[in-house]
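In: Coordinates for the following, if possible.
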Amino acid sequence: MQQKIFISPSILSANFANLEKDIKLVEGAGADWIHVDVMDGHFVPNITIGVPVVKSIRKVTDLPLDVHLMIENPEKYIEPFATSGADILTFHYEAVDEDNIISIIDKIHSFGIKAGLSIKPKTEPEKILKYLDKLDLLLVMTVEPGFGGQKFMQDCALKIKTIKNHANDNLIIQVYGGINNTTGKICKDYGATSLVAGNYIYKSENIEQAIKSLR
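Out: Predicted structure coming up:
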């Protein structure tokens, strides 16, 4: 049986002046989740969405909110984002003290939501293998986090193979960065089960077809 691929459009590429409309657009076009990029201007250079926006988004869609914390000290913000409507909370390996990773995962799970861990392009997958059995999702970044529209790094996508070889069948392996129908196929062939795409979906002339092409 073919593995289900979860498509999570990134609203980083949506029209922030008309966010509800753009969320409804991808919801109607077959998206599985909504990917919400939270950036603090410290862990990454950009500043984007915070808790009030997540709370507002929760009111306009029934799709799971896939919240990606590209922030320092993510443990401080687990409760606010979880209680605002996040269904998945993903934090970065590089943003925390390694001794705290298990406790952060446990804290996310305590709110009854999925816990994800993300790695930047320069982080070797071997560093996070010991956490895979505790996680619901592992996000491989195939660009440097912080800005949309960057070029896909295929050498980073190769990490998917290593992760797949050590993961249980329930782990969702997500990929984000320069994803389109071509790079998405590469990632799926390596073992990815979730694709995040921003520009490819939102800048497409046919959003429904763009989402279908990623499956």
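In: so what's the closest residue to residue 103 other than its chain neighbours up against?
Out: Across the structure, with Cβ to Cβ, 6 or more residues apart in numbering as the measure, the residue nearest residue 103 apart from its sequence neighbours is residue 75 (7.7 Å). From N, CA and C alone the C-beta is placed, and that goes for glycine too. Residues near residue 75 by Cβ atoms under 8 Å, 6 or more residues apart in numbering: 91, 96, 100, 103, 104, 107.
In: Surely the first one and residue 128 touch.
Out: No: the pair residue 91 / residue 128 is not scored as a contact, 11.7 Å apart, by Cβ atoms under 8 Å.
In: if you count what's nearby, which of those two comes out ahead?
Out: residue 91 (28 against 22; other Cβ atoms under 10 Å).
In: How is that one assigned, secondary-structure-wise?
Out: Classification of residue 91 using DSSP: H, G, I helix; E, B strand; the rest coil returns strand.
In: From residue 63, how far out is the residue nearest to it when sequence neighbours are not counted?
Out: Distances taken as Cβ to Cβ, 6+ apart put residue 74 closest to residue 91, at 3.9 Å, once the chain neighbours are dropped. Counting by Cβ to Cβ, to the nearest Å, the separation of residue 74 from residue 63 is 22 Å.
In: Of these two, give the one with the bigger neighbour count.
Out: Applying other Cβ under 10 Å to residue 74 and residue 63 shows that residue 74 carries more neighbours, namely 23 against 18.
In: Let me see the contact set for that one.
Out: The neighbourhood of residue 74, defined by Cβ under 8 Å, 6+ apart, consists of 91, 92, 95, 96, 104.
In: Could I get the residues you listed in TSV, plus columns for pLDDT?
Out: Supplementary listing: the contacts of residue 74 in TSV, determined by pLDDT from 0 to 100:
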residue	pLDDT
91	98
92	98
95	96
96	97
104	98
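In: would you list every one of the strands in the protein?
Out: Counting by DSSP state E, the chain has these strands, from start to end: 6-9, 34-39, 65-70, 88-92, 114-119, 137-141, 172-176, 194-197.
In: Distance to residue 154 added to these, as CSV?
Out: As requested, the strands of the chain are arranged in CSV below (distance: least, Cβ to Cβ, whole Å):
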stretch, distance to residue 154
strand 6-9, 20
strand 34-39, 21
strand 65-70, 21
strand 88-92, 21
strand 114-119, 16
strand 137-141, 12
strand 172-176, 11
strand 194-197, 15
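In: And for residue 215, nearest residue in space, chain neighbours not counted?
Out: Counting by Cβ to Cβ, 6+ apart, the residue nearest residue 215 is residue 5, at 5.1 Å.
In: Number of residues surrounding the one you found?
Out: Counted with other Cβ under 10 Å, the neighbours of residue 5 add up to 16.
In: Do a quick rundown of the helices in the chain.
Out: Using DSSP state H, the helices of the chain run over 19-28, 51-58, 78-84, 101-109, 154-157, 159-166, 181-190, 199-202, 207-214.
In: least reliable of those going by mean pLDDT?
Out: Averaging pLDDT over each of the helices of the chain singles out helix 154-157 as the lowest, with a mean of 92.
In: Show the pLDDT at the spatially most central residue of the chain.
Out: Residue closest to the average C-alpha location in the chain (Cα atoms, centre = their mean): residue 68, at 5.3 Å. In the prediction, the pLDDT value recorded for residue 68 is 97.
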